[in-house]
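Novice: my questions are about this predicted structure, shown below with the sequence.
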Amino acid sequence: MQIPLPVRGRGAPTNAPSARFDEPGRETDLDWLDDQTTVDDGPPPLRTTVTIETPRTIITRNTSPDIPFDRSVNAYRGCEHGCIYCFARPTHAYLGLSPGLDFESRLFVKPTAPALLRKELSRKGYMPAVLAMGTNTDPYQPIEATHRITRGMLEVLRAFNHPVSITTKSDRVVADLAILTSLAADGLVAVVISVTSLDRTIARTLEPRAATPTRRLAAIAALSAAGVPTYVSVSPIVPAITDHEIEAILEAAAAAGAVGAFARPVRLPNEVAPLFRQWLDTHHPGRAGHTMSLIQSMREGRDNNAEFGKRMRGTGPYAALLHRRVALAKARLGLDAPRPALRTDLFDVPGPKQLGLF
């Protein structure tokens, strides 16, 4: 088997597997196209493209029994962070694109998202509950610096006094510190920063365009110092690659001011599993077999188990050991306090003048 070469600055080594709804991809037949890397000194750099999307609605609802929220918003499709394990990668197949390199280089933005959110929150009979950001793709991925769609939605939520939970692995969240501080003063926001590894070498291949571990810890410190409740997510834990860092990550986050923590083992749905196997063969060939063996031990012998109640936590002795280690470290570091509920009683549909303030 030929191991794919890494693509500089990207997570997936290839665009394989092709989108599930496409025609079969071209097979290698040893003609000159298969030797283009040698003949043409490698392919040109992979550039990010951005396409405008105009959805009719922006709030996505779910009834999953193992997810602690029933609604979410996503400003973007695809994610330039390029995290190889991202469970959202298969969603690009619905667009006729690959969950591989396409997912992290062919992005879609929703500039009408703030206006749509305002419209949906204003509907008669709307009942507020925590709105989750960052559940599919990162709301603070690099293109947020240009498009500021996440910022626009936060301004709407502030105007409506609507609770919001944000999950990100980017320190760009600190750019919105003023509005987050305002929301926090009324008990309307919680931020979760994902820290998967403290090792920059591992992080650079695992999450190639996400903020460095140092910058994520600095974001925890800045948010916490400003009074924004900030949690650390040691997720996903990758067996034999990052599992030895659990306690160190929790200690670093606690020192930075995190008020709580949680962790999940890696899961590999649909097209993510073969991409992840390629990544292991490319970056950790000596550990690939051991890593997949431990993952399968948590997934009842498979690469993935999508069953509710099992997909997030995993099963078996290794999964139990991971959760035990996390629980002991959280208790020792004071990161195990119950997460307080965000307020919904302040929700109010503002008038035109109030909306104009933001």
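Specialist: Received, thanks. Residues are numbered from 1 along each chain as shown.

Novice: neighbours around Arg200, how many?
Specialist: 10 (other C-beta atoms under 10 Å). In short, each C-beta sits where N, CA and C put it, glycine included.

Novice: ditto for Pro285
Specialist: Count around Pro285 with other C-beta under 10 Å applied: 10.

Novice: how about it, secondary structure?
Specialist: Under DSSP: H, G, I helix; E, B strand; the rest coil, Pro285 falls in the coil class.

Novice: low pLDDT regions in the stretch 101-250 of the chain?
Specialist: Under the criterion pLDDT under 70, no range of the stretch 101-250 of the chain is flagged.

Novice: what mean pLDDT does stretch 314-321 have?
Specialist: When pLDDT is averaged along stretch 314-321, the result is 97.

Novice: in that stretch, what counts as buried?
Specialist: Gly314, Tyr318, Ala319 (16 or more other C-beta atoms under 10 Å).

Novice: how much space separates the closest residue to the first one other than its chain neighbours from Gly316?
Specialist: Meaning Gly314. Nearest residue to Gly314, sequence neighbours excluded (C-beta to C-beta, 6 or more residues apart in numbering): Met298, at 3.3 Å. Met298 sits 5 Å away from Gly316, going by C-beta to C-beta, to the nearest Å.

Novice: same question, Lys330
Specialist: 21 Å.

Novice: cool, and Ala258?
Specialist: 29 Å.

Novice: how about Phe87?
Specialist: 20 Å.

Novice: kindly report the same for Val156.
Specialist: Counting by C-beta to C-beta - Val156 and Gly316 are separated by 44 Å.

Novice: next one: Glu207
Specialist: If you measure Glu207 against Gly316 using C-beta to C-beta, the figure is 26 Å.

Novice: ok, Thr60 next?
Specialist: For Thr60, the distance to Gly316 - C-beta to C-beta - is 32 Å.

Novice: cool, Arg325 as well?
Specialist: If you go by C-beta to C-beta, the gap between Arg325 and Gly316 works out to 15 Å.

Novice: just Asp186 next, same as before
Specialist: Distance from Asp186 to Gly316, by C-beta to C-beta: 43 Å.

Novice: ditto for Arg158
Specialist: Distance from Arg158 to Gly316, by C-beta to C-beta: 44 Å.

Novice: again, but for Ala12
Specialist: Counting by C-beta to C-beta, the gap from Ala12 to Gly316 is 28 Å.

Novice: again with Ala225
Specialist: 40 Å.

Novice: swap in Pro128?
Specialist: Pro128 is 39 Å from Gly316, by C-beta to C-beta.

Novice: spatially nearest residue to Leu107 (excluding sequence neighbours)?
Specialist: Counting by C-beta to C-beta, 6+ apart, the residue nearest Leu107 is Gly78, at 4.2 Å.

Novice: any idea how far Ala263 is from the one you found?
Specialist: Gly78 is 26 Å from Ala263, by C-beta to C-beta.

Novice: between these two, who's got more neighbours?
Specialist: Between Gly78 and Ala263, Gly78 has the larger neighbour count (other C-beta under 10 Å), namely 30 against 23.

Novice: I'd say the more buried one and Leu101 touch.
Specialist: No. In this structure Gly78 lies outside contact range of Leu101 using C-beta atoms under 8 Å: 10.4 Å.

Novice: Tyr85: neighbour count?
Specialist: So Tyr85, with other C-beta under 10 Å, has 20 neighbours.

Novice: need the contact list for it.
Specialist: Applying C-beta atoms under 8 Å, 6 or more residues apart in numbering to Tyr85 gives the contacts Leu206, Pro236, Val238, Val266, Arg267, Leu268, Val272, Phe276.

Novice: rewinding a little: residue contacts, the residue nearest to Leu107?
Specialist: Counted by C-beta under 8 Å, 6+ apart, Gly78 has contacts His92, Asp102, Phe103, Glu104, Ser105, Arg106, Leu107, Phe108, Thr137.

Novice: tally of neighbours for Val191?
Specialist: 26.

Novice: equivalent analysis for Asp70, please.
Specialist: Going by other C-beta under 10 Å, the residues that sit close to Asp70 add up to 15.

Novice: alright, that wraps it up for me.
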